[in-house]
Every structure is written in C-alpha cells, then in structure tokens.
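In: return a 3D structure for these sequence lines:
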Amino acid sequence: MPAVKIGPLTLHTNAIGWSEASARGFGQSEAAGTEYPAVVTGPFGLEIDIKIFMSAAGDGMVHCPDLSGVPADYGRLAHGARLGVYTLESGDWAIKQLRLLRFSPSKGWGNPTRTTLEELDQLLGGSTVELFSSLGMDDVGSRTDVLGAKGEDLAVRWPSTADPELPLACYALTRVLPIYEALS
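Out: Numbering: from 1, shown residues only. Model (predicted):
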C-alpha cells in the first residue's frame with residue numbers, strides 16, 4: 001500500500017508483512033502473536049516507529065513498542081497510549097474505543113478521552129470516514145451502532161482480511177497527530 005496521509009503526517013507500511021512476535025501489554029504478561037511494523041513521519045524530521053500486534057488469542061493493539069524509537073516530546077506514546085484491537089465473533093476486527101489523546105505540552109502528558117467524528121475531521125483537516133473507508137473500514141460510529149454494545153465511544157469495524165493500514169492510521173490520527181498539533 002502506498003503511504004497514507006493523515007493531516008501533515010504520513011503513515012508508511014512495509015513490504016515485509018506480518019511476522020511472529022510477542023508483546024507485553026495484556027495484563028502485563030507476555031503474549032505470542034504476530035506484528036506488522038510501520039513508521040509515521042512528519043515535518044521537521046519527525047519519525048515514529050509503531051506496530052500493530054495481534055495475539056494468538058485474538059486481542060491486539062497498535063502501539064509504540066520502544067521508547068528509543070520516539071522523539072523525547074512524544075514519549076507518552078511509549079508509556080501506555082495503546083489502541084486496543086479486538087477480534088469479533090464474526091471474525092471481523094474492531095477498535096471498541098476510538099479515543100483521542102488530549103496532550104498537554106506543559107505537562108508532557110495526556111490521556112485518551114471520548115471524541116466525535118466531527119472533532120477527528122477537524123484534526124485531520126478532512127473526512128475521517130473517507131480516510132477510513134479508503135483503508136477498508138466497514139463501519140464507524142458509536143459502540144452501540146457499530147458493535148451493538150453499550151457506550152457512546154466511537155468504534156471502528158473492518159474485515160480481518162484487510163491490510164493493517166486502517167488500525168495503524170487510527171493510531172496515527174488519535175495518538176500521534178494530537179501531540180504533533182499540541183507541540184506546533
């Protein structure tokens with residue numbers, strides 16, 4: 001897949017594909033599974049290594065796995081700002097809580113909180129639905145509408161056979177871009 005533009009940032013995936021891996025983050029125990037690396041680049045030489053990891057049990061995450069792969073101002077990404085990815089009973093994959101990182105430059109920290117498509121559109125400078133659709137999304141909206149689950153957080157669903165750019169782009173939009181914008 002060619003590079004994906006996310007506002008001023010660009011998501012680059014590799015031609016290598018999925019590989020066997022293990023990751024910590026599921027109750028802090030090591031989980032075996034597969035991972036797919038990517039890089040987010042931006043103005044002023046910004047370069048951040050990210051990965052999607054899917055455990056053999058079906059739960060996964062998009063995360064920044066290594067603090068050494070993150071510029072100092074973006075350290076929050078390597079300290080728990082993961083984005084959960086889940087396998088549904090249908091076999092589709094989903095992000096059950098697409099939340100936006102609210103980053104404070106003065107504190108050098110922030111936490112993901114509920115957001116809206118309108119807020120994501122404003123951050124992106126375009127249509128979030130169009131971006132996600134171009135990357136294989138089946139549905140985006142409230143958890144109630146997309147997953148039939150309780151809650152008003154945004155959720156995203158896509159076929160597990162799709163390329164990994166969609167969840168990686170969700171992470172770049174809701175984790176990396178808010179820090180970039182807060183620091184600009």
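In: name the SS class of Phe53, please.
Out: Using DSSP: H, G, I helix; E, B strand; the rest coil, the structure places Phe53 in strand.
In: distance of it relative to Gln97?
Out: 17 Å (Cβ to Cβ, to the nearest Å). Every residue, glycine included, has its C-beta placed from N, CA and C.
In: kindly export the longest strand anywhere in the chain (C-alpha atoms) in PDB.
Out: In the chain, assigned by DSSP state E, the strand with the most residues is strand 29-42. Extracted in PDB, the C-alpha atoms of strand 29-42 (Å, rounded to 0.1, in the frame of the first residue of the first chain):
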ATOM      1  CA  SER A  29       2.100 -10.800  30.700                       C
ATOM      2  CA  GLU A  30       3.900 -11.700  27.500                       C
ATOM      3  CA  ALA A  31       1.600 -12.800  24.700                       C
ATOM      4  CA  ALA A  32       2.600 -14.600  21.500                       C
ATOM      5  CA  GLY A  33       1.100 -13.500  18.200                       C
ATOM      6  CA  THR A  34       2.000 -11.600  15.000                       C
ATOM      7  CA  GLU A  35       3.000  -8.000  14.400                       C
ATOM      8  CA  TYR A  36       3.200  -5.600  11.500                       C
ATOM      9  CA  PRO A  37       5.500  -2.600  11.800                       C
ATOM     10  CA  ALA A  38       5.000   0.900  10.300                       C
ATOM     11  CA  VAL A  39       6.600   4.400  10.600                       C
ATOM     12  CA  VAL A  40       4.800   7.700  11.000                       C
ATOM     13  CA  THR A  41       6.700  10.600   9.600                       C
ATOM     14  CA  GLY A  42       6.100  14.400   9.600                       C
END
